[in-house]
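J.: sequence first, predicted coordinates after that:
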Amino acid sequence: MLLAGFVALTAALANGHLLDLDLAVSEWAFTHDPAPLYWTARAFNLLGQGGGLLLPLSGALAVAVAWRRRTIRPFLLVAGALLITMVTIGPLKLWTDRAAPTASVKEPFLAPEEAVQVFNHLPAGAYSMSYPSGHVANAIVWYGVIALLLVSLTVGRLPAGLYRLVRYAPPGILLVTTTYLNFHWLTDGLAALLLGLLLDRLLHRVPWDDLPLPGHLRQWDGPFARHR
């Protein structure tokens, strides 16, 4: 269903549907950006920094879980998340060739009706990697990894409310902030939700505790996804 939804949304945009919605939301955001609200949104948008926050935090938690549970398996999860995001999100951005809303107010100064197009033919050097939103899709995947590692680190004692907060709040915040800041069109974020949830579901279906390891690593072969 998630894959079908992503394909359907992409096809709708390619056929000119929902572009008026994207333009209307973007225009509203451009005209409603008082400094306090703008800078608050910029601060919350830092939750989606992959190399500056999500990967280092996931790596640090993997080290902590590996040490506590005497297993290298948390690193398999982190590596899997890194691989699955790299081979999907980036290539899709290149393939769909969509400009960001800000392309209408800075280089290459496209008309909004041109910038919003999917499968565009943008000038050389123009930013053309807006669809889907990497911030949102990465957040779903990496905060899912972080939540799982926190559950493992606390041996299943992480409060359910805190788990849900870590798991779901950052992607929702990033959907709002990236759209409000005109870093992305609204449908960039909606597509990223579908793609991110699909990637997250695939990651959580992998039996991380049961994957075979080489003989010399079996002394650090304990489970980590199972709480005890």
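T.: Yes, it's here.

J.: helices or strands up against the lowest-mean-pLDDT helix or strand in the chain?
T.: Every helix and strand in the chain was compared by mean pLDDT, DSSP states H and E; the lowest is helix 112-115, with a mean of 92. The helices and strands touching helix 112-115, judged by 3 or more C-beta pairs under 8 Å, 6 or more residues apart in numbering; DSSP states H and E, are helix 19-31. For the C-beta atoms, the positions are set from N, CA and C on the backbone; glycine is no exception.

J.: any idea of the mean pLDDT for the helix it packs on?
T.: Averaging pLDDT along helix 19-31 gives 97.

J.: could you do stretch 42-49 as well?
T.: 94.

J.: buried residues in it, which are they?
T.: 44-45, 47-48 (16 or more other C-beta atoms under 10 Å).

J.: tell me how far it is from the chain's mean position?
T.: How far stretch 42-49 lies from its chain's middle: 12 Å, per C-alpha atoms, centre = their mean, to the nearest Å.

J.: try stretch 103-117
T.: Offset of stretch 103-117 from its chain centre (C-alpha atoms, centre = their mean): 24 Å.

J.: what's the end-to-end length of that stretch?
T.: One end of stretch 103-117 sits 12 Å from the other (C-alpha to C-alpha, to the nearest Å).

J.: just the residues contacting it, thanks.
T.: Here stretch 103-117 makes contact (C-beta atoms under 8 Å, 6 or more residues apart in numbering) with 19, 22-23, 26-27, 30, 98-101, 120, 122-123, 125-127, 185.

J.: and if we set it to 6 Å?
T.: 19, 22-23, 99, 123, 126 (C-beta atoms under 6 Å, 6 or more residues apart in numbering).

J.: top of those by neighbour count?
T.: residue 99 (25 neighbours; other C-beta atoms under 10 Å).

J.: other SSEs contacting the stretch of helix or strand residue 56 belongs to?
T.: Following DSSP states H and E, one finds residue 56 within helix 55-69. Counting contacts by 3 or more C-beta pairs under 6 Å, 6 or more residues apart in numbering; DSSP states H and E, helix 55-69 packs against helix 73-86, helix 134-153.

J.: that one: which residues count as buried?
T.: So, applying 16+ other C-beta under 10 Å, buried residues of helix 55-69: 55, 57-58, 61-62, 65-66, 69.

J.: and the residues you listed, which two are furthest apart?
T.: 55 and 69 (20.7 Å; C-beta to C-beta).

J.: just to revisit the earlier point, distance from the helix holding residue 56 to the middle of the chain?
T.: With C-alpha atoms, centre = their mean, you get 20 Å for helix 55-69.

J.: same question for stretch 118-138.
T.: Mean C-alpha position of stretch 118-138 versus that of the full chain (C-alpha atoms, centre = their mean) differs by 14 Å.

J.: ok, now stretch 66-82?
T.: Distance, stretch centre to chain centre, for stretch 66-82: 20 Å (C-alpha atoms, centre = their mean).

J.: same thing with stretch 81-97?
T.: Per C-alpha atoms, centre = their mean, the centroid offset for stretch 81-97 relative to its chain is 11 Å.

J.: for that stretch, buried residues please.
T.: 81-82, 84-85, 88-89, 92-93, 96-97.

J.: which other residues reach that stretch?
T.: Residues contacting stretch 81-97 (C-beta under 6 Å, 6+ apart): 118-120, 128-129, 131, 134, 137-138, 141, 145, 199, 203.
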